[in-house]
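Asks: need coordinates for the following:
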Amino acid sequence: MAAVSAFPVSAYAAEAVDGEALTNGVNMAFVFIAAVLVIFMQAGFALLEAGSVRMKNAGHVAGKTILSFGVASVAFWALGFGFGFGNGNGFFGFEGFFFGGEGQAASFDSVNGYGLPVSLMFLFHLAFAGVSLAIAGGGLAERAKLSVYIVFGALFTIIIYPVIAHWVWGGGWLGSLGMQDFAGSTVVHLTGATAALVATIMLKPRLGKYGKDGKPNSILGHNQVLSVLGVIILWVGWFGFNPGSALTVMDGFFAYVALTTNIAAAAGGVAALLISWAVFGKADIPSMLNGVLAALVAITGSCAFVEPWAAIVIGLVAGVLTFFTAQWFEKAGVDDPVFAFSVHGIAGIWGALSTGFFATPALATDKGLGQAGLFYGGGLHQLGVQALGVIGTLAFVGAVTFVIFYVMKVTMGIRVTEEEEMMGLDISEHGNYGYPEQMKMAGDTTFNGPTTPEKGGTRKPANA
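Replies: All right, here's what the predicted structure looks like:
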């Protein structure tokens, strides 16, 4: 107290510096926690996808989630972060490769200015890239080679996701036009889903999915409880996804984003369950899960630009759209075990377009991005910008994914053999089952020949 009274000016200056440092420190902790929540969404994807496939493939599907995030982490560090957020032109960055920390901060103008270390921004954006790759890999379940996840995972994280991220968030041409995509309905979800759709079509359906008449057969997942737990984890993780994209707690806006995010998800889940009840005559739980996720996808881009009532409408429409498009794609011959394009693609498109209808003048001005939507007197301008972003993303991601998968198909192959698919990817790709005791009992009842496949026998599990 004596020192403060003797040197009041110095004390007040120290208080000011400490106040700024405290603000930055709190924001750093907030963004770090948000990044961890988004990374933890990988656990949600693992549970959701493992529960949605047959028992003989569950271990493989869960394990490839960790593999994919590992590949994405290295690829994003080496080249992806530079292409996505490094200084460059309107299409991609060309600085900051092999990211080395704060010494390269000058190469990343798009992520500077928030009072946050560039290393923290790298972690935050890596988490988003990992989610987009997880979406892209979802449609490959039960018949893609493990090597596909490695090769495509690296290329997706280097030349597909970063380019779209740069267009919108890294100082690219869509951002300069004022495209509104707060946390990634287009950048993260539509990008991953478009890649998943192309890959799924090129892989062709799983054995037994379609009969000779072309009608789809039901191939149920082995554990609905795992899928439910996965969606709960994803729902919680989304509070890192959307509110975390505010990058600060000081103005309290992150709480508003959390509000719109949560009520949209709730509306989507309820709407999807009710529409499934009306169509099937029974309340379908997987449809409800897809409705929750679709609503979260749709509100991801618009959560900072719309009012709560609009968030409910956006979530509700997303849940209904996903239910009907999932049925349509399945009947059209697209065998996607987790309905990746319906949940993340169709809902991503709707989420991108929704701000063109519902963005309020006040929120658009507050975020300094784009204009008000059609229903608030903004005309068709913002809707046109959003549609252009959707079309550009579909075209670029679809074309590049096709080229990558075509080259892999003619060189290394992208699908396991029929025998390996019948055995299950747990045993054919990894040498053991995710459920060894249950699968051993199933195999014992249908095993032909010697006691092990290595001695010439063939294993045909009962649920193949």
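
Asks: what mean pLDDT does the lengthiest helix in the chain get?
Replies: Longest helix of the chain, by residue count under DSSP state H: helix 8-52. Regarding helix 8-52, the rounded mean pLDDT is 84.

Asks: what's the offset of it from the middle of its chain?
Replies: Relative to its chain's centre, helix 8-52 lies at 21 Å (CA atoms, centre = their mean, to the nearest Å).

Asks: which strands and helices sit next to that helix?
Replies: When contacts are defined as 3 or more CB pairs under 8 Å, 6 or more residues apart in numbering; DSSP states H and E, helix 8-52 packs onto helix 58-75, helix 118-138, helix 224-241. C-betas here are computed from N, CA, C, even on glycine.

Asks: report the angle between it and helix 58-75.
Replies: Here helix 8-52 runs at an angle of 140 degrees relative to helix 58-75 (axes from the mean of the first three to the mean of the last three CA atoms, to 10 degrees).

Asks: show me where this protein dips below the pLDDT cut-off.
Replies: In the predicted model, the chain carries pLDDT under 70 at residues 1-17, 439-464.

Asks: go again using 80 as the cut-off
Replies: Residue ranges of the chain with pLDDT under 80: 1-19, 437-464.

Asks: can you tell me which of the helices and strands packed on helix 8-52 is most buried?
Replies: Each of these was scored by mean neighbour count; the highest is helix 118-138, a mean of 25, by mean count of other CB atoms under 10 Å.

Asks: just the C-alphas of that helix, formatted as PDB.
Replies: These are the backbone C-alpha positions of helix 118-138, laid out as PDB (Å, rounded to 0.1, in the frame of the first residue of the first chain):
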ATOM      1  CA  VAL A 118      -0.800 -18.300 -33.800                       C
ATOM      2  CA  SER A 119       0.100 -21.700 -32.300                       C
ATOM      3  CA  LEU A 120      -3.300 -21.700 -30.600                       C
ATOM      4  CA  MET A 121      -5.000 -20.700 -33.800                       C
ATOM      5  CA  PHE A 122      -3.200 -23.600 -35.500                       C
ATOM      6  CA  LEU A 123      -4.600 -26.100 -32.900                       C
ATOM      7  CA  PHE A 124      -8.100 -24.600 -33.200                       C
ATOM      8  CA  HIS A 125      -8.200 -24.800 -37.000                       C
ATOM      9  CA  LEU A 126      -6.600 -28.300 -37.000                       C
ATOM     10  CA  ALA A 127      -9.500 -29.500 -34.900                       C
ATOM     11  CA  PHE A 128     -11.900 -28.200 -37.600                       C
ATOM     12  CA  ALA A 129      -9.900 -29.900 -40.300                       C
ATOM     13  CA  GLY A 130     -10.000 -33.200 -38.400                       C
ATOM     14  CA  VAL A 131     -13.800 -33.000 -38.100                       C
ATOM     15  CA  SER A 132     -14.100 -32.400 -41.900                       C
ATOM     16  CA  LEU A 133     -11.900 -35.400 -42.600                       C
ATOM     17  CA  ALA A 134     -13.900 -37.500 -40.200                       C
ATOM     18  CA  ILE A 135     -17.000 -36.600 -42.200                       C
ATOM     19  CA  ALA A 136     -15.300 -37.500 -45.500                       C
ATOM     20  CA  GLY A 137     -14.300 -40.900 -44.200                       C
ATOM     21  CA  GLY A 138     -17.800 -41.800 -42.800                       C
END
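
Asks: tell me how far Leu247 lies from Asn217.
Replies: Going from Leu247 to Asn217 by CB to CB, to the nearest Å gives 47 Å.

Asks: neighbour count for these two, which is higher?
Replies: Set Leu247 next to Asn217 and count neighbours by other CB atoms under 10 Å: Leu247 wins out with 20 against 10.

Asks: quick check: closest non-adjacent residue to that one.
Replies: Of all residues not flanking Leu247 in the chain, Tyr114 sits nearest, at 5.2 Å (CB to CB, 6 or more residues apart in numbering).

Asks: show me what contacts the one you found?
Replies: With contact set as CB atoms under 8 Å, 6 or more residues apart in numbering, Tyr114 has these partners: 27, 121, 247-248.

Asks: surely it is within a strand?
Replies: No - read with DSSP: H, G, I helix; E, B strand; the rest coil, Tyr114 is coil and lies in no strand.

Asks: and it, how far from Ala183?
Replies: Per CB to CB, Tyr114 is found 15 Å from Ala183.

Asks: could you do Gly268 as well?
Replies: For Gly268, the distance to Ala183 equals 16 Å [CB to CB].
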